[in-house]
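In: Just to be clear, the model below is a prediction. Sequence and coordinates:
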Amino acid sequence: MPMIPSHAIQPGTDLSRHAERLRRFWRLPGIGLGRIGADGIAQIAVAGLRARGQPDVIGPDDKWHIGSITKSMTALLLARLAARERISLDAPLGDLAALPLHPDLARQSLRVLLAHRAGLVANPPRAVWTVTDGRDPDAPEGPLRDLLLAPQMLAPPRRDKFCYSNLGYMLAGHITEQIGGAPWKALLRSEIAAPLGLGSLGFGPPSAHNPQGHGSLLSWLLTLRGFGPAPGRPAAHDSALADLSPAFGPAGLVHLSLSDLLRYGAAVAALARGDDGIVAARVFGDLITGRDYAGGWVLGEGTLGHNGSNGLWMADLRIMTSASQVTAFVTNTGSLGAFIAAGTSHWRRHERRAQAKHGGP
């Protein structure tokens, strides 16, 4: 699957009808759907409002917060930097990090860190989830991130246990800076976004004149424990309620357009299929070697996938390597309906119809 030129992004009539049905049924403020078939033609559809209570409708080039899909970008960045410096994914963390690590953690490898098996807990203490050094989206998050990381790195890791860990990917971001010699944000832009043509990629909530994240009962009660806008209400992009602390950046604070999300998916699909690209195919194959989860991806039979949410947004990216198919779902709410809509059988049936149309199994 080649890189997608801008002229290959087309509106999808059937996809538009499906997007509007999903939006209405699950009461989402806005939604975006996208797909790419084996022919490399991408179709996108958007529907709904940028913010409830305001008249602006969503446009095809609007930007969306993709949450933990960011993890796959951080892992790919690390693989690219490590290959350049001839660093093995099996190198011990103690040789790569500049922070003091517990001896048992220092012996864990970069590979197991990126597979959530280094024994780190899921998150730093909830009290620091919203700690910020300002809301400049381009400011390096490294000093604040490392300040929050440091005490957590001295705790004894859990042994032989999978634990999905934002903390682990915050450490991965720290390690990219040690290898690459620049802030994680700058490296992600120069080493991933620029060569893949992801011109819309940025950090934190998208700016004004883009969709804004919305609070929900689910996020307000369960995800953020009372932090965030009231259920159903939008959070202005420059509000303190609009995102988690910038320290979480490498674990989940990227935004980009739906078409660029598909471009990224297409580049990963080509790597997974064995084509050299932003890294050698063998490097990517090594990155995603594992069981269930590796290198920032949930692993399935012939599939890679990941979703993401900061409680105010929801995104889902799926790559079916056997069918050369990429699908994407984005919405500007973290409601229960958003999660169900992303995984609903209606969306899966739509994927299967698209697979059949483009020659997939």
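Out: Everything's here; your move. Residues are numbered from 1 along each chain as shown.
In: Output the helix or strand residue 185 falls within as CSV, nothing but the C-alphas.
Out: For residue 185, the element it lies in under DSSP states H and E is helix 184-188. Output in CSV follows, covering the C-alpha atoms of helix 184-188 (Å, rounded to 0.1, in the frame of the first residue of the first chain):
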residue,chain,number,x,y,z
TRP,A,184,10.2,13.9,21.9
LYS,A,185,7.8,16.3,20.1
ALA,A,186,10.5,17.5,17.8
LEU,A,187,11.6,14.0,17.0
LEU,A,188,8.1,12.8,16.3
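In: buried ones in the helix or strand just after it?
Out: Later in the chain than helix 184-188, the nearest helix or strand by DSSP H and E is helix 194-196. Residues residue 196 are the ones in helix 194-196 that count as buried (16 or more other Cβ atoms under 10 Å). In this view, the C-beta of every residue, glycine as well, is placed from N, C-alpha and C.
In: most remote residue from this protein's center?
Out: Using Cα atoms, centre = their mean, the residue of the chain lying farthest from its centre is residue 103. It sits 30.2 Å away.
In: ok, now which ones touch that residue?
Out: If you count contacts by Cβ atoms under 8 Å, 6 or more residues apart in numbering, residue 103 has them with residue 94.
In: And it, how close does it get to residue 153?
Out: Look at residue 103 and residue 153: by Cβ to Cβ, to the nearest Å, they are 11 Å apart.
In: Quick check: the residue farthest from the centre of the chain vs residue 157, distance?
Out: 10 Å.
In: do the same with residue 276
Out: 35 Å.
In: So which of those two has more stuff around it?
Out: residue 157 (21 against 12; other Cβ atoms under 10 Å).
In: The more buried one in helix, strand or coil?
Out: Secondary structure, DSSP: H, G, I helix; E, B strand; the rest coil: residue 157 is coil.
In: Excluding covalently adjacent residues, which one is nearest to it?
Out: residue 119 (2.6 Å; Cβ to Cβ, 6 or more residues apart in numbering).
In: Just the pLDDT at that neighbour, thanks.
Out: Looking at residue 119, its pLDDT is 95.
In: what about the residue nearest the centre of the chain, which SS state?
Out: Most central in the chain under Cα atoms, centre = their mean is residue 69, positioned 1.6 Å from the mean C-alpha point. With three-state DSSP as the basis, residue 69 sits in helix.
In: So it sits against residue 307, correct?
Out: Yes - if you go by Cβ atoms under 8 Å, residue 69 and residue 307 touch, sitting 7.1 Å apart.
In: rewinding a little: show me what counts as buried in the helix holding residue 185.
Out: For helix 184-188, by 16+ other Cβ under 10 Å, it's 184-185, 187-188.
In: anything in contact with each of residue 69 and residue 307?
Out: 315, 317.
In: ok so, going back, how many residues are close by the residue nearest to residue 157?
Out: 22.
In: What of residue 128?
Out: Neighbours of residue 128 using other Cβ under 10 Å come to 18.
In: Residue 232 too?
Out: So residue 232, with other Cβ under 10 Å, has 16 neighbours.
In: Helix, strand, or coil at it?
Out: On the basis of three-state DSSP, residue 232 is classed as coil.
In: quick one: pLDDT of residue 84?
Out: Reported pLDDT for residue 84: 97.
In: neighbours around it, how many?
Out: 13.
In: could you measure it against residue 279, distance?
Out: 9 Å.
In: Equivalent analysis for residue 203, please.
Out: 22 Å.
In: Please apply the same query to residue 205.
Out: 30 Å.
In: Spit out the contact partners of residue 97.
Out: Contacts of residue 97 by Cβ under 8 Å, 6+ apart are 106, 153, 171, 174-175, 178.
In: Present those as CSV; the columns should include secondary structure and distance to residue 286.
Out: CSV is the format used below for the contacts of residue 97 (DSSP: H, G, I helix; E, B strand; the rest coil; distance: Cβ to Cβ, whole Å):
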residue, secondary structure, distance to residue 286
106, helix, 22
153, coil, 25
171, helix, 20
174, helix, 22
175, helix, 17
178, helix, 20
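In: three-state assignment of residue 99?
Out: From three-state DSSP, the assignment for residue 99 is coil.
In: scratch that, residue 244 is what I was asking about
Out: Going by three-state DSSP: residue 244 is coil.
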